[in-house]
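Colleague: my questions concern the predicted model and sequence given below.
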Amino acid sequence: MTMSLKLTLSLALLASAAAAHGQIYKCTTPSGSKELTDVKRGPHCELMDLPGTVIPAPPRRVAPSSPRNAQPQPQPQSQPQPVTAPGDFPRVDSAEQKARDADRRGILEEELKAESLKLAELRREFNGGAPERRGDERNYAKYQERVAGLRDSISRSEKNVDALKREIANIR
């Protein structure tokens, strides 16, 4: 492993741990290599400013006083805080958003049309569960395999059509 790769992996590992454990220092050793640690090891260490979220400790459960008659105490329900965008987060003009939604709707409707045509073709070929045998299907097992494949394809295509319809319905 190259030194830069080790440093990058160490930084990623420590950055993920930083959210739960606190401060991370980048220290320069006497040989000139970089080292990441959670302990300041001398004057050649500088505190890194890493973005991250603090992970709260899980709530502690109190053991009941009498185990035989103990009933679990209901844990207080905490309401999740609404997510708000920072003030400098880029906003999209409503006209721009409507144009994007219209483009998305058009793309999804094209996909729905193509998937519906595919489904109709598969159903026509399936012929109500008795598709015509082909010349290359002299063995009945091959025919049954193709029928099972058609059944699976129809099921998958129906799910795709339903998902596309739901997605189109969700567009504002």
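Modeller: Ah, there it is. For clarity, every value in this text was computed on a predicted model and none was experimentally measured.
Colleague: list phi and psi for P131.
Modeller: For P131, the backbone dihedrals (degrees, to the nearest 10) come out as phi -70, psi 160.
Colleague: skip the chain neighbours and tell me the closest residue to it.
Modeller: For P131, the nearest residue in space outside its immediate sequence neighbours is E125; the separation is 5.7 Å by C-beta to C-beta, 6 or more residues apart in numbering. Placement of C-beta: from N, CA and C, glycine included.
Colleague: burial measure for that neighbour, as a count.
Modeller: Counted with other C-beta atoms under 10 Å, residues neighbouring E125 total 13.
Colleague: where are the low-confidence patches of this structure?
Modeller: 1-22, 50-78, 80, 83, 85 (pLDDT under 70).
Colleague: just give me the longest helix of it.
Modeller: When secondary structure is assigned using DSSP state H, the longest helix within the chain turns out to be helix 94-126.
Colleague: now do the buried residues in it.
Modeller: Using 16 or more other C-beta atoms under 10 Å as the burial criterion, the residues of helix 94-126 that qualify are L108, E111, L112, E115, K118, L119, L122.
Colleague: can you check stretch 36-47 too?
Modeller: With the criterion 16+ other C-beta under 10 Å, stretch 36-47 contains buried residues L36, C45.
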